[in-house]
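Asker: after the sequence you'll find the predicted model.
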Amino acid sequence: MTAIRPLIVASLLSLLATGCATQSGSTSSPGKSGTSTAVQDAEWKNLGVTPNGNVMNEIDTLSIQRRGSLVTFRDRKTLFNPKKENLGDTPLHKRSINTWQIDCQSQTYRLVAMRLYDDGGRQIASYSYNDKQIKPAAIIPNSASYQQMQFVCGRK
């Protein structure tokens with residue numbers, strides 16, 4: 001299992017860094033608790049889709065927590081056609097809910113946790129990482145992670 005984690009992380013980081021999401025202003029209503037992809041006390045802000053149109057990126061605005069230059073938040077990625085994405089050894093999934101940490105000053109990000117859900121909304125995997133398992137990576141300009149940084153670092 002530990003050998004698979006770096007591949008899962010690399011796949012997820014690749015999804016986040018590969019493309020800039022197109023702007024969208026919609027927000028979904030708070031989620032409901034349960035075993036589905038709904039998250040209790042969440043308010044999703046749609047940041048748009050990747051250039052290939054296959055991955056929708058959203059940020060839970062209620063999850064944003066700032067501590068100095070570090071901001072922790074949750075995002076949700078929906079894969080419209082999961083088979084079109086190169087997920088490596090990551091289990092085939094329809095949606096992921098991830099916890100990220102961005103350093104607004106150094107412009108780096110790292111994955112803290114992720115949960116994967118199938119197309120029926122059932123959780124199929126859950127992972128968490130400490131700062132020794134996943135080191136911060138530089139945020140690439142005009143990527144989805146850059147757009148997320150602009151959103152969470154610009155909020156006071």
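Answerer: Great, that's in hand. Numbers count the residues shown, from 1 in each chain.
Asker: out of everything not next to it in sequence, what's closest to Tyr127?
Answerer: Counting by CB to CB, 6 or more residues apart in numbering, Met114 is the residue found nearest to Tyr127 once chain neighbours are left out, at 5.3 Å. C-beta here means a position set from N, CA and C on the backbone, and glycine is covered the same way.
Asker: next secondary structure element downstream of the helix or strand bottoming out on mean pLDDT in the chain?
Answerer: Between all helices and strands in the chain, the lowest mean by mean pLDDT, DSSP states H and E belongs to helix 4-17, at a mean of 46. As assigned by DSSP states H and E, the chain's next helix or strand after helix 4-17 is strand 44-49.
Asker: list the buried residues of that next one.
Answerer: 44-49 (16 or more other CB atoms under 10 Å).
Asker: switch these over to TSV; also include distance to Ile124 and pLDDT.
Answerer: Shown next, in TSV, are the buried residues of strand 44-49 (distance: CB to CB, whole Å; pLDDT from 0 to 100):
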residue	distance to Ile124	pLDDT
Trp44	20	97
Lys45	25	96
Asn46	24	96
Leu47	24	94
Gly48	26	93
Val49	23	93
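Asker: including distance to Val55, could those residues go into a markdown table?
Answerer: Putting the buried residues of strand 44-49 into a markdown table (distance: CB to CB, whole Å) gives the following:
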| residue | distance to Val55 |
| --- | --- |
| Trp44 | 14 |
| Lys45 | 16 |
| Asn46 | 12 |
| Leu47 | 11 |
| Gly48 | 10 |
| Val49 | 6 |
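Asker: out of these, who's nearest Ile140?
Answerer: Checking the buried residues of strand 44-49 against Ile140 with CB to CB, the nearest one is Leu47 at 15.5 Å.
Asker: could you dump stretch 59-68 to CSV, C-alpha only?
Answerer: Provided in CSV are the C-alpha atoms of stretch 59-68 (Å, rounded to 0.1, in the frame of the first residue of the first chain):
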residue,chain,number,x,y,z
ILE,A,59,-13.2,24.8,-3.3
ASP,A,60,-15.1,24.5,0.0
THR,A,61,-15.1,28.1,1.1
LEU,A,62,-16.2,27.1,4.7
SER,A,63,-13.0,25.0,5.1
ILE,A,64,-10.5,27.8,4.5
GLN,A,65,-8.3,28.2,7.5
ARG,A,66,-5.4,30.7,7.6
ARG,A,67,-2.5,30.5,10.0
GLY,A,68,0.1,33.1,9.1
